[in-house]
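Asks: Below are the sequence and a predicted model for it; my questions follow.
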Amino acid sequence: MQQSRRRFIQKSLLSLPALGSLAACGGGGGAGASSGSTSQVAGNQTAPLTGSQGTASNSVTPAATSTPVTVPPGTDLSKGLTQYGKSPVPYSALAKPAKGATVTDPDFGAKIIRITDCVNDFNNLCVAPAYPTAMAWNCDETRFILYVPGSTAQNGGQQGWAMYDGTTYAFIKFLDINPGDVEQFYWDHADPASLRYIDNHSSGSTNLADLTAINVETGVKTIIHSFLPNGLPPGCPSGTQGVRCGYPFALGVNAQGQRIWGLGAFGSNVPNVSGELGMWVFGFNEATGAFTLYDTSIVPQPQARGSTPFPSVSGKFFIWNAAVGLNSQPTTQSAVLDAATGKLVRWVNFDTNEHCDTAMDANGNDLLVGSQFSRNDPGNGNVIVCNLNTGAVSNFVGQSSGWGYPTTGSLSGSTA
């Protein structure tokens, strides 16, 4: 993946990219939580609509072709944009552009390209990235995925995971995938055609959970590992019904090029935790098939979905959200665990119960990036960075850097 996207943090935080793409909605509504089959419709189930099958068309007018550019490390991506510093931004009205049109943001000067018309394209009120931390783009930026929610589909409208051309922004097709949650699909870091997800389904009375790779160009699927019915780690309760990640952080890739997953098994035999789906959590090395069992004196079983340990970008660590009574009692502590042994490496003064993302700096240090509200003053802010290799926490946009207490409604994404 290009450094301009994969390592969005170099020696300093990079923000306000000069080129943005707008997945504009035709109306209100947000992404639903369905993980059903691709291209289902509200009401009847049909194949994706084509230009000759009514008002919703799969033939999307491409925008002007963009030329991928590799940005050298340390480049200021905000150069040439209007800077407001700490002053309020005087937001100006901006009419919705036509699909395929490029407009200039009147306040910052950024270029915005509208790439969808969800009502006419899919008879749906919304098309959007699946989640800010989900990997929308493939490794060479020739493809990207947007989610078309079932909850906002109109009568006869389409839903599913829509794949687009990363250069022309033209819609290509819906993908036939069934991930554990809307946003839990993962592009391969080297093969631009390969996408991974965990397919939970059943065959008769047997529950199956298959780590699956699909070639998005040909549609060919390969099962990499079957967790169910008989491929879970030792000690996992019998009778679990599925396997999934917690939140959609990027996969870790270690020095040997091996993909590292942070997973949990769930089912009626695993009780909920603090009102969330309970999961029996473990790590998984896709290449070797080895499981990581966490030190239960640090990470007790089961865990809530939102506190499932997740991998660092380098694949060296798992990070555990140590919140007590998830979503009710904040914490300022997260555990950094060795990815191979599951043992504690260090505690860091960073609350991963808040929305955040994993990242890596130019020196190869693993980072957490996000808003913090629960640290001791003046340690809170909207862009707080924790170095997992050292435990150091830096305040880029927050109290100690002169920006004041953080505002709500922000969410960091560094691996999309």
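Replies: That came in fine, so what should we check first?
Asks: Let me know how buried residue 298 is, in neighbour terms.
Replies: 15 (other Cβ atoms under 10 Å). No exception for glycine: its C-beta is placed from N, CA and C like everyone else's.
Asks: pretty sure it is in contact with residue 320, am I right?
Replies: Yes. Contact criterion Cβ atoms under 8 Å: residue 298 and residue 320 qualify, at 7.1 Å.
Asks: Touching both of those two, which residues are there?
Replies: 335, 337 (Cβ atoms under 8 Å, 6 or more residues apart in numbering).
Asks: Poorly predicted segments of this structure, please.
Replies: Applying pLDDT under 70 to the chain flags the ranges 1-68, 324-331, 416.
Asks: just so I have it, where are all the helices in it?
Replies: Remark: helices assigned in the chain by DSSP state H are 3-6, 118-122.
Asks: where exactly do the strands run in the stretch 101-250 of the chain?
Replies: Secondary structure of the stretch 101-250 of the chain (DSSP state E, counting those that start in this stretch): strands located at 102-104, 111-114, 143-148, 160-165, 171-175, 186-187, 194-203, 206-215, 221-228, 242-245.
Asks: So for residue 256, which of those strands sits nearest?
Replies: Closest approach to residue 256 among the strands of the stretch 101-250 of the chain (Cβ to Cβ): strand 221-228, 16.5 Å.
Asks: how distant is the closest one from the center of its chain?
Replies: How far strand 221-228 lies from its chain's middle: 21 Å, per Cα atoms, centre = their mean, to the nearest Å.
Asks: Which residue, neighbours along the chain excluded, lies closest to residue 373?
Replies: residue 380 (5.6 Å; Cβ to Cβ, 6 or more residues apart in numbering).
Asks: Next up, the contacts around the one you found.
Replies: Counting by Cβ under 8 Å, 6+ apart, residue 380 has contacts 371, 372, 373, 374, 398, 399, 405, 406.
Asks: Quick check: nearest residue in space to the second one, chain neighbours excluded?
Replies: What that stands for is residue 372. Counting by Cβ to Cβ, 6+ apart, residue 372 lies nearest to residue 384, which is 4.4 Å off, once chain neighbours are set aside.
Asks: in the sheet, who's paired with that neighbour?
Replies: Counting by DSSP bridges, residue 384 is bridged to residue 370, residue 395.
Asks: Residue 285 is in contact with residue 258, isn't it?
Replies: Yes. Residue 285 lies in contact with residue 258 (Cβ under 8 Å); the separation is 5.5 Å.
Asks: Please say which of those two ends up with more neighbours.
Replies: residue 285 (19 against 16).
Asks: need the contact list for that one.
Replies: Shown in contact with residue 285 (Cβ under 8 Å, 6+ apart): 258, 259, 260, 261, 291, 292.
Asks: how far away is the residue nearest to residue 372 from residue 280?
Replies: Residue 384 sits 31 Å away from residue 280, taking Cβ to Cβ, to the nearest Å as the criterion.
Asks: Which one's more surrounded, these two?
Replies: More crowded of residue 384 and residue 280, by other Cβ under 10 Å: residue 384, with 30 against 22.
Asks: Make TSV out of the contacts of residue 285 and add distance to residue 336.
Replies: Converted to TSV, those look like this (distance: Cβ to Cβ, whole Å):
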residue	distance to residue 336
258	19
259	19
260	14
261	17
291	19
292	13
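Asks: Please indicate which of these has the highest neighbour count?
Replies: Result: residue 260 is most packed of the contacts of residue 285 (other Cβ under 10 Å), 26 neighbours.
Asks: so it touches residue 250, yeah?
Replies: No. With contact defined as Cβ under 8 Å, residue 260 does not reach residue 250; the gap is 10.3 Å.
Asks: Touching both of the two, which residues are there?
Replies: residue 311.
Asks: Can you give me the neighbour number for residue 390?
Replies: By other Cβ under 10 Å, neighbour count at residue 390 equals 11.
Asks: In this structure it contacts residue 363, no?
Replies: No. Between residue 390 and residue 363 no contact is recorded; they are 10.7 Å apart, counting by Cβ under 8 Å.
Asks: OK, contacts around residue 357?
Replies: 132, 133, 249, 368, 369, 370, 412, 413, 414, 415 are the contacts of residue 357 under Cβ under 8 Å, 6+ apart.
Asks: Identify the bridge partners of it.
Replies: residue 369.
Asks: now it: how far from residue 247?
Replies: Using Cβ to Cβ, we find residue 357 at a distance of 9 Å from residue 247.
Asks: Need the residues touching each of these two.
Replies: What both residue 357 and residue 247 touch, as defined by Cβ under 8 Å, 6+ apart, is the set residue 133.
Asks: how deep is residue 283 tucked in, by neighbour count?
Replies: When neighbours are counted by other Cβ under 10 Å, residue 283 registers 26.
Asks: Outside of stretch 130-141 itself, list whatever touches it.
Replies: Residues outside stretch 130-141 that contact it (Cβ under 8 Å, 6+ apart): 1-2, 5, 31, 68, 129, 143-147, 161, 166, 182-193, 195, 216, 247-250, 355, 357, 411-416.
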